[in-house]
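Q: Sequence and predicted structure below; questions after.
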Amino acid sequence: MFRKKCAEEDNKKPGFLQRLRAHLNKGDSWLTCDIANLAPGGKIDDDVIDELEAELVMADVGMEAVKRIVGDLQKRLARRELNDVEALRQGLHDALLDVLKPVEEALVIPESEGPFVILMVGVNGAGKTTTIGKLAKRLQDEGKRVMLAAGDTFRAAAVEQLQAWGERNNVPVISQQAGADPAAVVYDAYQAAKSRGIDVLLADTAGRLQNQQGLMDELAKIKRVVARHHEGAPQEVMLVLDASQGQNALVQAEKFHAALGITGITITKLDGSAKGGILLAIAHKLDIPVRFIGIGERADDMEPFDAGDFVDALLAQS
């Protein structure tokens with residue numbers, strides 16, 4: 001493979017997009033570097049497309065999504081639209097956007113009676129509790145009254161972390177003793193939220209291994225208990241995925257979706273070893289709205305997913 005590190009060019013105070021771009025391979029995009037190096041003479045042919053296909057596979061895009069993207073490029077090549085590196089880069093931009101644009105859908109909290117319940121699910125270590133804290137802050141800034149439910153009763157650290165976020169943002173947290181029934185905790189929190197006129201209830205849940213049927217049954221029970229007392233709740237079942245898990249994140253998404261009917265996804269840890277390709281794999285395979293992406297621990301390190309901005313970051317376009 002042709003690969004070299006590209007120099008960073010943006011010396012401005014970094015916003016979210018600039019930080020995202022910098023984190024995707026710690027500099028200019030891996031895709032931009034590779035496109036220039038795959039066709040050093042400027043000629044675009046089947047060999048260049050084959051090399052690009054291999055790069056996409058290594059970047060966790062997933063075989064099905066890669067076939068879709070490469071198929072689009074091959075059609076353009078056959079029509080002689082890909083006659084130079086810039087044309088290839090634009091063609092790749094359009095192909096990536098075609099995959100991601102359908103899942104760009106913001107989380108909207110409508111005016112309604114009773115709290116809007118967001119059930120947060122995902123495996124331990126994905127950044128679920130931190131995401132809850134960031135989302136609580138964002139919703140507060142939008143003028144919403146927020147409450148947190150400590151439904152992960154199996155890890156004392158999870159409850160403590162959630163309480164710390166609550167104290168930091170002056171958000172009430174409903175919790176019970178370790179080992180309590182998670183469904184009971186979330187139900188009590190719902191009742192408390194309803195009585196206090198809370199707009200949004202964010203419910204944390206346990207995240208033991210996604211292949212444990214007991215966990216899925218537990219999460220399904222929480223969902224049923226909430227729905228029993230308010231038709232349509234939880235209005236959002238949000239899955240938090242760690243981008244650095246690569247294709248395993250796609251496996252997690254499939255399992256959680258099959259068990260719970262996921263309505264939204266947040267992708268975390270794009271500041272780690274992830275190259276961002278897993279978003280393409282998930283978008284192509286599941287067509288579930290991607291609500292947010294995260295690149296760090298701070299509250300401003302999570303932003304609503306914008307497909308155009310994300311593709312620009314992958315391709316290091318201004």
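A: Sure thing, it's come through.

Q: I'd like to know how many residues surround residue 78.
A: The local packing of residue 78 (other Cβ atoms under 10 Å) involves 10 other residues. C-beta: built from backbone N, CA, C; applies to glycine.

Q: Just the pLDDT at it, thanks.
A: pLDDT for residue 78: 91.

Q: Quick check: it vs residue 45, distance?
A: Per Cβ to Cβ, to the nearest Å, residue 78 is found 11 Å from residue 45.

Q: quick one, phi psi at residue 180?
A: phi -70, psi 160 (degrees, to the nearest 10).

Q: so how far is residue 186 from it?
A: 11 Å.

Q: More neighbours: those two, which one.
A: With neighbours defined as other Cβ under 10 Å, residue 180 and residue 186 compare such that residue 186 has more, 26 against 15.

Q: Could you name the helices and strands sitting against the helix or strand hosting that one?
A: Per DSSP states H and E, residue 186 falls inside helix 182-195. Applying 3 or more Cβ pairs under 8 Å, 6 or more residues apart in numbering; DSSP states H and E, one finds that helix 182-195 contacts strand 146-150, strand 173-174, strand 200-204, helix 213-229.

Q: can you rerun that using 10 Å?
A: If you count contacts as 3 or more Cβ pairs under 10 Å, 6 or more residues apart in numbering; DSSP states H and E, helix 182-195 packs onto strand 116-121, strand 146-150, strand 173-174, strand 200-204, helix 213-229.

Q: roughly how far is it from the heart of the chain?
A: Remark: helix 182-195 is offset 27 Å from the chain centroid, using Cα atoms, centre = their mean, to the nearest Å.

Q: Show the average pLDDT along that helix.
A: For helix 182-195, mean pLDDT is 95.

Q: Identify the contacts common to residue 180 and residue 186.
A: Residues touching both residue 180 and residue 186 (Cβ atoms under 10 Å, 6 or more residues apart in numbering): 150-151.

Q: returning to that earlier point: for residue 98, find the nearest of the helices and strands packed on helix 182-195.
A: Among the helices and strands packed on helix 182-195, the nearest to residue 98 by Cβ to Cβ is strand 116-121 (28.6 Å).

Q: Alpha carbons of the closest one, as PDB, please.
A: C-alpha atoms of strand 116-121 as PDB (Å, rounded to 0.1, in the frame of the first residue of the first chain):
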ATOM      1  CA  PHE A 116     -39.700  12.200  26.600                       C
ATOM      2  CA  VAL A 117     -37.800   9.000  27.500                       C
ATOM      3  CA  ILE A 118     -34.400   8.200  26.000                       C
ATOM      4  CA  LEU A 119     -33.200   4.700  26.800                       C
ATOM      5  CA  MET A 120     -29.400   4.600  26.500                       C
ATOM      6  CA  VAL A 121     -28.000   1.200  25.700                       C
END
